[in-house]
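# kindly generate the corresponding structure for this input.
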Amino acid sequence: MLVAIPSEGDDLAATVEQRFGRCSRFIIVDTETMGFKAVPNTAAAQAGGAGITAAQQVVQEGAKVVIAGEVGPNAFDVLDAAGVKVYARVTGTIGDAVEMLVAGTLEGAMEATGPALHGSRGMGGGMGGGMGRRSGRR
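Predicted coordinates for the structure are as follows:
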């Protein structure tokens, strides 16, 4: 079974990256052979929608499981719709995370574990603080 894990490095000794959509790379591990490859996250630098794009990339890689620190709601929805099982709030190394998965000691996430981020701060960050400009006042 193929597992995708956001990673801070290029091998099984690397640490599980806590951010799913903005990680620099995924380690794709075959749990049957423990073979793996590092795949750059094409969504890491996107202005918005990184979680969705990252989730689509993982699905295209053929992963049936994602192990991560946090997975936001948009990414979670894409993974869930594709039948990808999500395990979140996982720390440690990639190798340890895969071993815990195989041993059955990870708990699956039933919903998103990260915040909803939409690529903007909302409420207008300009000089008016989102309040608009009143006519006649300077």
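
# what is the neighbour count of A45?
A45 has 9 neighbours, counted by other C-beta atoms under 10 Å. Yep, even glycine has a C-beta here, placed from its N, CA and C like the rest.

# list the contacts for the residue nearest the centre of the chain?
Nearest to the mean C-alpha position of the chain, by C-alpha atoms, centre = their mean, lies F20 at 1.7 Å. F20 makes contact with 6, 51, 54-55, 66, 68-72, 75, 114 under the criterion C-beta atoms under 8 Å, 6 or more residues apart in numbering.

# at 7 Å what do you get?
6, 51, 54, 68, 70-72, 75, 114 (C-beta atoms under 7 Å, 6 or more residues apart in numbering).

# and A112, by the same measure?
By C-beta under 7 Å, 6+ apart, the neighbours of A112 are 71-73, 76.

# quick one: pLDDT of the residue nearest to the centre of the chain?
F20 carries a pLDDT value of 96.

# with the one 5 residues further on instead?
In this prediction, R25 carries a pLDDT score of 98.

# quickly note the distance from it to A103.
Counting by C-beta to C-beta, to the nearest Å, the separation of R25 from A103 is 25 Å.

# neighbour count for those two, which is higher?
Neighbour tally, R25 and A103, criterion other C-beta under 10 Å: the higher count belongs to R25, 19 against 8.

# dump the residue contacts of that one.
7, 10, 38-41.

# go with 8 Å
6-7, 10, 38-41.
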